[in-house]
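Participant: quick one: sequence plus predicted model below, questions after.
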Amino acid sequence: MKIKKDFIKGNKKIKIISNDGKPFPIPATWQPVLSKCDMLVIIPDMHMYIYSSHLDNFKFGADVMLKFLNHLSRLKEEMELEDQTLRIYQLGDLYEQRFPGLQSANATAIEIRMSHSSYDQIVNMMNGMRTHFLYGNHDFELRHFPGFRFAALEGKVYIEHGFTPDSWKDFSNPNAPLWEVSQFLFMTIREINEFFAHLLVKASVIEKDEHYAWGVQSGKDPVYDYPSEKDYKKTYGHCLDYFAERMSKNPEHKETKITVIGHTHHPYINTNVNSGKNIFIDAGAWTSGRSDFVVITNEELAICCYER
């Protein structure tokens, strides 16, 4: 299956942002890379938070997410009529649970989902298409929910949120032994930061930014850029190196040809991992102005975005 012909299908809002707008061909010797489906769509970090809060970085991308899910729903139905299968994954950090809830220290999934009708509709549509959910390091609750997994293997494609190679593993890896302690420290620091920021606003030292959260762009303005290889490796080279070694040396993944992660919010593809034996994909994000996702067929792969 071809991405432009069989996935985009003339939808002018969908753009390929990797490889100068062209899909990467998958080596013929690897095919088929998918064993249980004909097309794989992978949605990265969303970080949905309480809609009315200025800390919510997803709200400006909610409408376009609904349009994207409608596109997927129509495509899924069309493929099923042709006896073909579309499988969808969400890479984790579906919710932002590192910020306060209405009745608790951390926002709950239900609070976030019910904070706006579009959020509830998004989750319902994803569930309706039998989306496979992984958990990320901001999904406090979800790692305990049935159906949320740490990682998945789709044929020769390994899928994971991507926090495992972090240098501060105990602070960002929910599977690390000191993670619970680190989160208590994080919450404490967050509250102190919020307190002093409030005082600075009151004293007119800084201005209150209604669309800015913890140094992260709010998403009010769309972002469609694709970082250069140099820029990606400078900041996230440790992710590339970690998964390259894992694909090379881990006997559990000896059949893996492609690894897909999220977590960094920076889209990137390297097709020459381990001297061309593997491919590494960072799916980007659907938050803070971005609207990225990955499409993989047995013949091609690409990082795309859905424009507003």
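Facilitator: Arrived safely.
Participant: got any ranges where the chain has weak pLDDT?
Facilitator: 105, 167-176, 179-180, 182-184, 186-202, 204-218, 251-252 (pLDDT under 70).
Participant: so who does the residue nearest in space to the middle of it touch?
Facilitator: Centroid-nearest residue in the chain, with CA atoms, centre = their mean: residue 44, separated by 1.4 Å. Residue 44 makes contacts with 91, 93, 262, 265, 283, 284, 285, 286, 292, 293, 294, as judged by CB atoms under 8 Å, 6 or more residues apart in numbering. Yep, even glycine has a C-beta here, placed from its N, CA and C like the rest.
Participant: rerun that using 6 Å as the cut-off
Facilitator: 91, 262, 283, 284, 285, 292 (CB atoms under 6 Å, 6 or more residues apart in numbering).
Participant: same check, this time on residue 37
Facilitator: Here residue 37 is in contact with 85, 87 (CB under 6 Å, 6+ apart).
Participant: how much space is there between it and residue 86?
Facilitator: 7 Å (CB to CB, to the nearest Å).
Participant: reformat the contacts of residue 44 as CSV; add distance to residue 112, secondary structure and neighbour count.
Facilitator: Listed next are the contacts of residue 44 as CSV, based on distance: CB to CB, whole Å; DSSP: H, G, I helix; E, B strand; the rest coil; neighbours: other CB atoms under 10 Å:
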residue, distance to residue 112, secondary structure, neighbour count
91, 17, coil, 30
262, 18, coil, 32
283, 21, coil, 27
284, 21, coil, 29
285, 17, strand, 29
292, 21, strand, 27
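Participant: in CSV: the residues you listed, plus distance to residue 221.
Facilitator: Listed next are those as CSV, based on distance: CB to CB, whole Å:
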residue, distance to residue 221
91, 23
262, 21
283, 21
284, 16
285, 14
292, 15
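Participant: what about the helices in the stretch 101-250 of the chain?
Facilitator: For the stretch 101-250 of the chain, the helices defined by DSSP state H, counting those that start in this stretch occupy 109-113, 117-128, 169-172, 179-202, 229-249.
Participant: immediately after the last one, which helix or strand?
Facilitator: By that I understand helix 229-249. strand 258-261 (DSSP states H and E).
Participant: same for that next one, what does it pack against?
Facilitator: With contacts taken as 3 or more CB pairs under 6 Å, 6 or more residues apart in numbering; DSSP states H and E, strand 258-261 sits against strand 157-160, strand 278-282.
Participant: note down every partner strand of it and its orientation.
Facilitator: strand 157-160 (parallel), strand 278-282 (parallel) (DSSP bridges).
Participant: and of these, who's closest to residue 121?
Facilitator: Residue 121 lies closest, by CB to CB, to one member of the strands paired with strand 258-261: strand 157-160, at 24.9 Å.
Participant: mind listing what's buried in the closest one?
Facilitator: 157, 158, 159, 160 (16 or more other CB atoms under 10 Å).
Participant: confirm for me that the first one is in contact with residue 257.
Facilitator: Okay, so that is residue 157. No: between residue 157 and residue 257 there is no contact, the gap being 7.4 Å when judged by CB atoms under 6 Å.
Participant: look up how far residue 280 lies from residue 229.
Facilitator: For residue 229 relative to residue 280 (CB to CB), the value is 11 Å.
Participant: these two: who's more crowded?
Facilitator: Remark: of residue 229 and residue 280, residue 280 carries more neighbours, 22 against 12, as counted by other CB atoms under 10 Å.
Participant: state the distance from that one to residue 73.
Facilitator: For residue 280, the distance to residue 73 - CB to CB - is 30 Å.
Participant: cool, residue 259 as well?
Facilitator: The value you get for residue 259 to residue 73, if CB to CB is used, is 28 Å.
Participant: so these two - more neighbours on which side?
Facilitator: Higher neighbour count among residue 259 and residue 73: residue 259, with 26 against 14, using other CB under 10 Å.
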